[in-house]
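*Asks:* Next comes the sequence, and after it the predicted model I'd like to discuss.
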Amino acid sequence: MNENGGRTPLIAGNWKMNLDHLQAVAFVQKLHWTLKDAKHEADSVEVGLFPPFTDLRTVQTLLDADKIPFELGAQDLSAHDSGAYTGEVSGAFLAKLACRYVIIGHSERRAYHDETDEVVAAKVAAAHKHGLVPVICVGETAEDLEAHGSSAVPVAQLTAALAGVAAGAEVVVAYEPVWAIGSGQAATPDQAQDVAAKLRAVVREAIGDEAAARTRVLYGGSVKSSNIAGFMREPDVDGALVGGASLVPEEFAAIIRYQNHVGV
Ligand code: PGA
């Protein structure tokens, strides 16, 4: 727990299209040992891993067999339950693999697969239908930032994504400025806080006060062990969605252990 309204922080590793299932085993074991060696307290921070689909069964089996306290998530799901949708993966299948989370609307899906706000909303509904918690990604491009400032686009995207969500439902929101993803140029903690507070207000309006108080709002975009503590000090930032730095066990472990960093 941290001081952020009692919300347990979530540090989520989005592997994107990296690490095959054999590499995943080595990675998960190394991360687990590194945290154990550091005597990391597992219940102080929730750790979420988001491997490629082809790794999920293997990682699930390892977490289960070795009682490793990480949560599993997928990087996307189909809006449909089953049927003639070649190449798509149903939320029902993810639920069977003990996935707790699924990332929806990542900027790479929006940009390379033309995922619109309507598609994102349909996928959020599919996640809830199958008992998965959607990690809804929103964020402005560099052009949006110039034209509209930092919050207008993420607020509009989240409003659309939550339009059909039932009051009190569980969601995670990830604020990921597109210009910060993979660029080495993270937002400032102040900017992340400003947008995170506005996104929490959207959650409050859409699904209620209690849900808004419980919802974790993550920051993502060039998060590293050297900048995580600054984000985590902000009252509305409850964790991070980490891409590149989640692929190196020592570095990801250091991000998870942000509470131990000097100066926190
Ligand atoms: P990054 O990616 O940490 O490599 O910037 C974040 C993300 O895309 O989720």
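*Replies:* Nice, thanks for sending it over. None of the values given here were measured: they were computed from a predicted structure.

*Asks:* quick one: Gly48 from the ligand, how far?
*Replies:* Distance of Gly48 to the ligand, given as Cβ to the nearest ligand atom, to the nearest Å: 12 Å. Where C-beta positions appear, they are placed from N, C-alpha and C, glycine not excepted.

*Asks:* Tyr219: what secondary structure?
*Replies:* Secondary structure assignment for Tyr219 (DSSP: H, G, I helix; E, B strand; the rest coil): strand.

*Asks:* Could you report the separation of it from the ligand?
*Replies:* 10 Å.

*Asks:* same check, this time on Asp194
*Replies:* Taking Cβ to the nearest ligand atom, one finds Asp194 at 19 Å from the ligand.

*Asks:* How about the contacts made by that residue?
*Replies:* Contact analysis of Asp194 by Cβ atoms under 8 Å, 6 or more residues apart in numbering lists Ser150, Ser151.

*Asks:* which secondary structure element contains it?
*Replies:* Using DSSP states H and E, the element containing Asp194 is helix 189-207.

*Asks:* Next, give phi and psi for His148.
*Replies:* Backbone torsions for His148, taken as degrees, to the nearest 10, come to phi -130, psi 0.

*Asks:* So what's the residue count around it?
*Replies:* 13 (other Cβ atoms under 10 Å).

*Asks:* same check, this time on Lys129
*Replies:* Lys129: 12 surrounding residues under other Cβ under 10 Å.

*Asks:* how close does the closest residue to it other than its chain neighbours sit to Ala126?
*Replies:* Spatial nearest neighbour of Lys129, excluding adjacent residues (Cβ to Cβ, 6 or more residues apart in numbering): Gly91 at 6.6 Å. According to Cβ to Cβ, to the nearest Å, Gly91 stands 5 Å off from Ala126.

*Asks:* Residues of the stretch 101-250 of the chain that sit close to the ligand?
*Replies:* Within the stretch 101-250 of the chain, the positions adjacent to the ligand are Glu176, Ile181, Gly182, Gly220, Gly221, Ser222, Val223, Leu241, Val242, Gly243, Gly244, Ala245 by Cβ under 6 Å from any ligand atom.

*Asks:* from these, which is closest to the ligand?
*Replies:* Lowest distance from the ligand to these (Cβ to the nearest ligand atom) belongs to Gly243, with 2.3 Å.

*Asks:* list the contacts for the residue lying closest to that closest one once chain neighbours are set aside?
*Replies:* Nearest non-adjacent residue to Gly243, counting by Cβ to Cβ, 6+ apart: Asn14, 5.2 Å away. Asn14 makes contact with Phe50, Gln75, Ile103, His106, Gly220, Leu241, Val242, Gly243, Ser246 under the criterion Cβ under 8 Å, 6+ apart.

*Asks:* State the pLDDT value of the fifth one.
*Replies:* Right, Gly220. Looking at Gly220, its pLDDT reads 98.

*Asks:* contacting residues around it?
*Replies:* Asn14, Cys137, Gly139, Ala174, Tyr175, Glu176, Ala180, Ile181, Ala240, Leu241, Val242, Gly243.

*Asks:* now the strands for this structure?
*Replies:* For the chain, applying DSSP state E gives strands covering 10-14, 46-50, 71-74, 101-104, 133-138, 172-175, 216-220, 239-242.

*Asks:* Buried ones from the residues of the stretch 101-250 of the chain next to the ligand, can you make that a ChimeraX selection?
*Replies:* A single ChimeraX command selects the buried members of those (16 or more other Cβ atoms under 10 Å):
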select :176,181,220,221,222,223,241,242,243,244,245
